[in-house]
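1. Structure, please.
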Amino acid sequence: MIEQKALAYANMYGVLGALENLCQIDATAKEVLKTLKSKVSLCLSVKDGPCRTFHFSKEGCKITEGSEGCNCKMNFSSPEKFNLLINESKPGMPAKGMIKLLSFLLGPFTKLTDRLTELLRPDEENLKDREFFEESTILTMYTVAGAIAGLANSDSIAKISAGNTVDGDVLLGIKNVAYATIRVKDHKFSVIKEKTENPRAVMEFSDIELANGLFAGTVSTINEMCKGNIALKGMISMVDNINRILDRVSVYLA
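-> Numbers count the residues shown, from 1 in each chain. The predicted structure follows:
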């Protein structure tokens, strides 16, 4: 069962959270950012749900918690309304900087989210292009990492696993390609999109092809673990709990 509030967190921290990474690695996104006439700090505020500000500039996108520093804002009256932004491109209610907001939503923001959707929900033809394949896989990893944190703190089933997870950092990554850190403190999860130097546990995929297959569900996790292609180290109970939350991610972001 999908809970709308938890879905809002998965969308905010997983799907939209990947905009940061899209703007770092994707040439199309970088070209869109070049068209910005000034910095845009867009706050998406969900009643009884998440609130984050997306700071866009020609240099990229940075995300902060809360509404501080925003120059335009969109309010959503419920998690259900916010989820319609992701699923049906229905905007919320403008609450600040209406002119800047409308201009940004109708132009750069739509182009960026369309590009993100293209990469996160790729067709087979696009995946034949090696650069697209790699970008798609990397962005999927960051989306999954963000969604793990979002659901661990909000989904009733995922919170059971979070409640059984000890404090520390779990390193999730594709060997020599991309890494994210799942940080656990007092059973609350957060994601840092870089490699931690002192992980308490590690889950690392041997290469980008394997990661893509795992995310797409075309290869067996158990089989690849037996082959040694998925490295598990440290406090394995942390990895076990994250894998349980990952099962919830697959339900929410299917």
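
2. Which secondary structure element is home to the residue nearest to residue 144 when sequence neighbours are not counted?
-> Computed as C-beta to C-beta, 6 or more residues apart in numbering, the closest residue to residue 144 that is not its neighbour in sequence is residue 249, at 5.8 Å. In short, each C-beta sits where N, CA and C put it, glycine included. Secondary structure from DSSP states H and E places residue 249 in helix 236-252.

3. distance between that helix and the chain's centre?
-> Chain-centre distance of helix 236-252: 15 Å, with C-alpha atoms, centre = their mean, to the nearest Å.

4. Same question for stretch 9-19.
-> Centre-to-centre, stretch 9-19 and its host chain are 4 Å apart (C-alpha atoms, centre = their mean).

5. Over to stretch 126-141?
-> When distances are taken as C-alpha atoms, centre = their mean, stretch 126-141 is centred 15 Å away from the chain's centroid.

6. Same check on stretch 242-254?
-> Taking the mean of its C-alpha atoms, stretch 242-254 sits 13 Å from the chain's own mean (C-alpha atoms, centre = their mean).

7. List the buried residues of that stretch.
-> For stretch 242-254, a neighbour-count test (16 or more other C-beta atoms under 10 Å) marks 242, 244-246, 248-249, 251-253 as buried.

8. on that earlier part again, state the distance from the residue nearest to residue 144 to residue 175.
-> Distance, residue 249 to residue 175, using C-beta to C-beta, to the nearest Å: 21 Å.

9. Ok, residue 127 next?
-> Residue 127 is 20 Å from residue 175, where distance means C-beta to C-beta.

10. thinking again about what came up before, the residue nearest to residue 144 against residue 148, yeah?
-> Yes - with contacts counted by C-beta atoms under 8 Å, residue 249 reaches residue 148, the gap being 6.0 Å.

11. Could you name every residue contacting both of these two?
-> Common neighbours of residue 249 and residue 148 (criterion: C-beta atoms under 8 Å, 6 or more residues apart in numbering): residue 14.

12. tally of neighbours for the residue lying closest to residue 235 once chain neighbours are set aside?
-> Of all residues not flanking residue 235 in the chain, residue 201 sits nearest, at 4.5 Å (C-beta to C-beta, 6+ apart). Per other C-beta atoms under 10 Å, the neighbour tally for residue 201 reads 24.

13. so what's residue 201 bridging to?
-> Taking DSSP bridges as the rule, residue 201 bridges to residue 170, residue 234.

14. One more: the one 4 residues further on?
-> With DSSP bridges as the criterion, the beta-bridge partners of residue 205 are residue 174, residue 230.

15. who's in contact with it?
-> By C-beta under 8 Å, 6+ apart, the neighbours of residue 205 are 173-175, 211, 214, 229-231.

16. What strand or helix carries residue 9?
-> Using DSSP H and E, the element containing residue 9 is helix 4-10.

17. What's the separation between the closest residue in space to residue 78 that isn't next to it in sequence and residue 232?
-> Spatial nearest neighbour of residue 78, excluding adjacent residues (C-beta to C-beta, 6+ apart): residue 47 at 5.9 Å. Distance of residue 47 to residue 232, given as C-beta to C-beta: 40 Å.
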